[in-house]
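Asks: Build the 3D model from these lines:
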Amino acid sequence: MGKLTIVDHPLVQHKLTLMREKETPTAVFRQLLREISQLLAYEITRELPLTHKTINTPIEPMEAPTLAGKKLALISILRAGNGLLDGVLELIPSARVGFVGLYRDEETLKPVQYYFKVPDAMSERVTIAVDPMLATGNSSIAAIDLLKEAGAKDIRFLCLLAAPEGIETMHKAHPDVEIVTAAVDKQLNEHGYIVPGLGDAGDRMFGTK
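Replies: Predicted structure coming up:
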């Protein structure tokens, strides 16, 4: 089985509770998503490779740690992934950004691709794919498939909520991909939504139905 990290930090859990409440307005939901994504990004980047370089402090020169290798690739799984992307970019503003456009067919629950654009040299970048929900896992797996076809090797998946079914499906398809999430909920309902969940993250973020 692949690696799963649940970020149980009190601030993460508190903000998630506020986001779950159906009365939370769109503007507040969007701001909370931006804030919580920064906290989750802190965890998913914990083991990034480091190197050292010589710098001059006001006191003396030193060998100081700095991120190694090419800039990270942040990949938003559209459209809801953009809510997480904004927050992560505030933490890692030098990252390169890509987009995978997928929507879920409401009858088959299968992903349909409509857009794909990622940075170059994907094989040399740590890649973080972001999508608020890991529900059935079908769209996430399709996105990871595309990223691997583009050359990505070190891929991590960042989501706000996950269902046990989605985690199992992702681990079977891509056991090498680490999943970082704020919570694992009970199950999926007959429509493929996470229960208790927080509804459709894209709709709540953008104020659409």
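Asks: For the rest of this, base every contact and every neighbour count on C-alpha atoms.
Replies: Noted.
Asks: Select the helix or strand of the chain having the lowest average pLDDT value.
Replies: The weakest-scoring helix or strand in the chain, judged by mean pLDDT, DSSP states H and E, is helix 201-206 (a mean of 85).
Asks: For it, list every residue counted as buried.
Replies: Of the residues in helix 201-206, those scored as buried under the neighbour-count criterion (16 or more other Cα atoms under 10 Å) are A201, G202, R204, M205.
Asks: is it possible to export those residues to a markdown table including distance to Y42?
Replies: Supplementary listing: the buried residues of helix 201-206 in a markdown table, determined by distance: Cα to Cα, whole Å:
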| residue | distance to Y42 |
| --- | --- |
| A201 | 21 |
| G202 | 23 |
| R204 | 24 |
| M205 | 22 |
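Asks: what's the offset of the least confident helix or strand of the chain from the middle of its chain?
Replies: In terms of Cα atoms, centre = their mean, to the nearest Å, the gap separating the centre of helix 201-206 from the centre of its chain is 16 Å.
Asks: Mind giving me the packing neighbours of that helix?
Replies: Using 3 or more Cα pairs under 8 Å, 6 or more residues apart in numbering; DSSP states H and E as the contact criterion, the elements in contact with helix 201-206 are helix 26-44.
Asks: Parallel or antiparallel, which strands does the following helix or strand past the helix it packs on pair with?
Replies: On the C-terminal side of helix 26-44, the closest following helix or strand by DSSP states H and E is strand 50-56. For strand 50-56, the paired strands and their directions (DSSP bridges) are strand 61-67 (antiparallel).
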